[in-house]
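**Q** need coordinates for the below:
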Amino acid sequence: MLFLLEKNLKKFRKTQLYKTLSKPKAKYMTLGIIFTSILFILIMISIVPERISVRVGDISPKDIRATKDIVDEVTTEKFKLEAMEKVEPKYRIDTSIQIKVKSDIRKFFELVKRLYNDNDINLSDKEKEDSLLQQEYVKLSSEECKQLLTISPETLLTLESNIYEVINQIMGVGIKEEELKYEKNNVAKTFENFDNLTQESKLIGAKIVKDKIQPNKFVDMETTQQKREEAAERVDPVIIKEGQIITERNKTIDKTAYSLIKKTGLLKENKGIDYTLIFGALILTILIETIIMGYLYVFDRKVIYNFKLLVILAIIILLISMIAKSIYGLSGYMIPISSATILISILINPRLSILINIILSIIIGITTSSELSILIVCLISGIVGAFATVNTQQRYNIFLIGLLVGTINIITILGFGLAYSLEFNEILRRSIYGMTNGVISSILAIGSLPLWENIFNILTPLKLLELMNPNQPLLKRLLIEAPGTYHHSIIVGNLSEGAAEVVDANALIARVGAYYHDIGKLKRPYFFKENQKNGENPHDKINPNLSALVITNHTKDGIELACKHRLPEEIKDIIKQHHGKTLVAYFYHKALNEEGSEFVQEERFRYEGPKPQSKEAAIVMLADSAEAAVKAMKDPTKGKIEVLVRKIIKDKLNDGQLDECGLTLGDLNKIANSFMNTFMGIYHERIEYPNLNLAELKGGN
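**A** This next block holds a predicted model:
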């Protein structure tokens, strides 16, 4: 066992996760300690009962409820004494016992009839069943109570009459202690002979009689005392259930109530640390963290590797948990849990947001003791928020998502209201809270999203769409100062987006990266062919080495501009990597012709790189080269374009520029096909219109 454990630990130390955690250990540990501490404190203050200072004779300041199940020893003892006193001595047959049995049964059936017939009792079937279970006259199981409430009134009356008849037969002649078991065994047979009862009614009648008949025939004081003791033993302890009211508000606290309050641990006089409560809260906290980290390790490991995403996740969970605790006093239906799923879906991914929705619902249930309907509303609204946020491309869509969440909340609340027969005013009030929940969630998400994007430099689809706006300062400058480069970038963007879609890369990043990949040319726009309008080429006046330096430096210049304008890291990477370490072949060959191979160093004519590290950067590289080459073609045809595109891709592959980007040969073939589809849309064959003389046509008419 130890060998296997050690072997697994060695394997884990070789994983990327271990290496990642080992380097920034302090950061991860700090985040873990802070998150655990805050969540633990939040759970602790929620489950620790509020202590009160009262004495016997004081007026209760509020409804005081039990914090756990406790035995009411005073009342239990009182019931035991009452049971013993009811066993009267000196009589051979104690008729009071028989009377008590029949009285209990009569009161029981009166309750059943009242629940069965009284239309003014606005109780659900479950509440009626609970009423029967809680009464002390006749003890039946949940299933038996349910069956009893469904039999016909005629059968109910017949059953009650037959029960009285059987009890009179048995207890009328008296029952000794030793005869009790025998009589009970005969009860079922007796009921089987009643043809006027259903089989279920016979079983229930037999159960009631067997449970209620008691010995009522005594010989002497010794026997009487024995019966009294036995009667006391049959009394069940009186249990005060968790949440049950011990004493109502404005009621005087008697000794019994004081004793119970003290037992629950609500008295301020109770000093000391409740270690069981602390340990329980710690277990819940660790369990929640284990579920989150287990999911991330198995299904979404990139979040563990990205410390920023972990910080975002921790902050959102803690913030929503604290907001939920604060807002619960107003209404649990207003807890904006869907704002968390919307944010996580946009900032990280939708699948994780669904898990966090479940975790937050659990935390809310623990910290607020919410009723079932509130937890269900939280679960459903959070899931709807996560699903609806997928592929959201405009910020105003988030507000529409909030309205959708509010609508779903209303439907859920309406379902619960109808199921539990709530009053219309109550359903309406909760529905208003549910719609308010959706609106608040969308406002929180929209309002805080720019903070997450800027503080943590997170690239979201919404941020990418904003960067695509032609009014962005860099794109505007590109259009005015380097129009050729601008139009080149637009076409490269079209090529890149289509190619990214077919190889499961991020199409939006590829397009935006293509728009900005050549912003470095803004520093010296006329040194690049697409911006040379009058045919003059500045490179004709300088040596090839300097020309190559100007050309290759446009990636560095682009990074400087990107940093100045705070472009996302993913876009900076594309700017830096879109040429990889490609050779500037034209000026390299020009230098060879002018200076000779012994004086020319190839490395000086290559871009500094690095080579593309992502699919998106590699796609922009290929699209950039393909667009420039196809644009320079004379009389482009489909065949010529395809040959050229595949040659460019093959040359990049042979030059090793695609070694680190993760693209396969199959992906490259798909990219080539995608490029062809886009180019065919640009360089399609055009109809040659005839040269028509409109004047002649009009004259001919």
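**Q** quick check on residue 139: phi, psi?
**A** With angles defined as degrees, to the nearest 10, residue 139 sits at phi -100, psi 120.
**Q** how about it, what does it touch?
**A** The neighbours of residue 139, taking C-beta atoms under 8 Å, 6 or more residues apart in numbering as the test, are residue 211. Glycine gets a C-beta too; all of them are placed from N, C-alpha and C.
**Q** from residue 130, how far off is it?
**A** Separation of residue 139 from residue 130 (C-beta to C-beta, to the nearest Å): 14 Å.
**Q** my guess is residue 253 contacts residue 259. True?
**A** No - using C-beta atoms under 8 Å as the test, residue 253 is too far from residue 259 to be in contact (10.1 Å).
**Q** neighbour-wise, which of the two wins?
**A** More crowded of residue 253 and residue 259, by other C-beta atoms under 10 Å: residue 253, with 19 against 15.
**Q** which residue packs closest to the more buried one, ignoring adjacent ones?
**A** Leaving aside its chain neighbours, residue 253 sits nearest to residue 58 (5.2 Å; criterion: C-beta to C-beta, 6 or more residues apart in numbering).
**Q** okay, now the one you found: neighbour count?
**A** Neighbours around residue 58, by other C-beta under 10 Å: 14.
**Q** tell me how far it lies from residue 72.
**A** Residue 58 is 19 Å from residue 72, where distance means C-beta to C-beta.
**Q** could I get the full set of strands for the stretch 101-250 of the chain?
**A** Under the criterion DSSP state E, counting those that start in this stretch, strands of the stretch 101-250 of the chain are mapped to 239-240, 245-247.
**Q** could you list the domains of the chain?
**A** With automatic domain parsing as the criterion, the domains of the chain are listed as 2-23+276-458, 92-217, 463-682.
**Q** look at residue 375 and give its secondary structure.
**A** Classification of residue 375 by DSSP: H, G, I helix; E, B strand; the rest coil places it in helix.
**Q** that one: how many residues sit nearby?
**A** A total of 18 residues lie near residue 375 under the criterion other C-beta under 10 Å.
**Q** please apply the same query to residue 452.
**A** When neighbours are defined as other C-beta under 10 Å, residue 452 has 19 of them.
**Q** ok, it touching residue 312?
**A** Yes - the pair formed by residue 452 and residue 312 meets the contact definition of C-beta under 8 Å, at 6.3 Å.
**Q** shared neighbours, these two?
**A** With C-beta under 8 Å, 6+ apart, residue 452 and residue 312 have common neighbours 347, 458.
**Q** quick one, helices of the stretch 201-350 of the chain?
**A** For the stretch 201-350 of the chain, applying DSSP state H, counting those that start in this stretch gives helices covering 221-233, 255-264, 275-299, 301-305, 307-327, 337-347, 350-368.
**Q** quick one: closest of those helices to residue 569.
**A** Closest to residue 569 of the helices of the stretch 201-350 of the chain is helix 307-327 (C-beta to C-beta; 10.7 Å).
**Q** now that closest one, how far from the centre of its chain.
**A** Centroid separation for helix 307-327 versus its chain: 12 Å, with C-alpha atoms, centre = their mean, to the nearest Å.
**Q** stretch 187-204 now?
**A** Worked out by C-alpha atoms, centre = their mean, stretch 187-204 lies 54 Å from the chain centre.
**Q** also stretch 178-187?
**A** For stretch 178-187, the distance to the chain centre is 59 Å (C-alpha atoms, centre = their mean).
**Q** pull out the buried positions in that stretch.
**A** 180, 183, 184, 186, 187 (16 or more other C-beta atoms under 10 Å).
**Q** then stretch 375-389?
**A** 375-386, 388-389.
**Q** stretch 556-575 now?
**A** 557-559, 561-562, 567-568, 570-575.
**Q** stretch 660-674 now?
**A** 660, 661, 663, 667, 668, 670, 671, 672, 674.
**Q** could I get these as TSV with distance to residue 508?
**A** Output for the buried residues of stretch 660-674, formatted as TSV (distance: C-beta to C-beta, whole Å):
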residue	distance to residue 508
660	22
661	18
663	18
667	18
668	21
670	18
671	17
672	22
674	16
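**Q** cross those residues against strands and list the overlap.
**A** Counting by DSSP state E, no part of the buried residues of stretch 660-674 is found in strands.
**Q** return the closest of those with respect to residue 493.
**A** The closest of the buried residues of stretch 660-674 to residue 493 turns out to be residue 674 (C-beta to C-beta; 13.2 Å).
**Q** straight-line length of stretch 464-481, end to end?
**A** 23 Å (C-alpha to C-alpha, to the nearest Å).
**Q** now do it: distance to the chain's middle.
**A** Stretch 464-481 has its average C-alpha position 37 Å from the chain's average C-alpha position, going by C-alpha atoms, centre = their mean.
**Q** low-confidence ranges, the stretch 401-550 of the chain, go.
**A** For the stretch 401-550 of the chain, applying pLDDT under 70 flags the ranges 535, 540.
**Q** same thing but 90
**A** Counting by pLDDT under 90, the stretch 401-550 of the chain has low-confidence residues at 401-402, 416-424, 426, 446-471, 473, 478-486, 488, 504-508, 517-518, 520-550.
**Q** can you pull the contacts of the residue nearest the centre of the chain?
**A** Among the residues of the chain, the one closest to the centroid is residue 357, at 1.6 Å (C-alpha atoms, centre = their mean). Counting by C-beta under 8 Å, 6+ apart, residue 357 touches 337, 338, 340, 341, 378, 379, 382, 383, 385, 386.
**Q** measure it to residue 342 for me?
**A** Residue 357 sits 10 Å away from residue 342, going by C-beta to C-beta.
**Q** mutual contacts of the two, please.
**A** In terms of C-beta under 8 Å, 6+ apart, residue 357 and residue 342 are both contacted by the residues 385, 386.
**Q** for residue 640, what are its contacts?
**A** When contacts are counted by C-beta under 8 Å, 6+ apart, residue 640 touches residue 633.
**Q** and if you look at residue 553?
**A** Contacts for residue 553 (C-beta under 8 Å, 6+ apart) come out as 520, 523.
**Q** cool, residue 547 as well?
**A** So residue 547 contacts 527, 539, 587, 590 (C-beta under 8 Å, 6+ apart).
**Q** could you name the specific helix or strand carrying it?
**A** Here residue 547 is covered by helix 544-564, with elements defined by DSSP states H and E.
**Q** just the C-alphas of that helix, formatted as PDB.
**A** What follows is helix 544-564, C-alpha atoms only, in PDB (Å, rounded to 0.1, in the frame of the first residue of the first chain):
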ATOM      1  CA  PRO A 544      19.400  45.500 -47.800                       C
ATOM      2  CA  ASN A 545      20.500  45.100 -44.200                       C
ATOM      3  CA  LEU A 546      18.700  48.300 -43.100                       C
ATOM      4  CA  SER A 547      15.700  47.400 -45.200                       C
ATOM      5  CA  ALA A 548      15.500  44.000 -43.400                       C
ATOM      6  CA  LEU A 549      15.900  45.800 -40.000                       C
ATOM      7  CA  VAL A 550      13.000  48.100 -40.800                       C
ATOM      8  CA  ILE A 551      10.800  45.300 -42.000                       C
ATOM      9  CA  THR A 552      11.500  42.900 -39.100                       C
ATOM     10  CA  ASN A 553      11.200  45.700 -36.500                       C
ATOM     11  CA  HIS A 554       7.500  46.200 -37.300                       C
ATOM     12  CA  THR A 555       6.700  43.400 -34.800                       C
ATOM     13  CA  LYS A 556       8.600  45.200 -32.100                       C
ATOM     14  CA  ASP A 557       7.000  48.400 -32.900                       C
ATOM     15  CA  GLY A 558       3.600  46.700 -32.900                       C
ATOM     16  CA  ILE A 559       4.300  45.400 -29.300                       C
ATOM     17  CA  GLU A 560       5.200  48.900 -28.200                       C
ATOM     18  CA  LEU A 561       1.900  50.200 -29.500                       C
ATOM     19  CA  ALA A 562       0.000  47.300 -28.100                       C
ATOM     20  CA  CYS A 563       1.400  47.900 -24.600                       C
ATOM     21  CA  LYS A 564       0.700  51.600 -24.900                       C
END
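**Q** I am finished for the moment; much appreciated.
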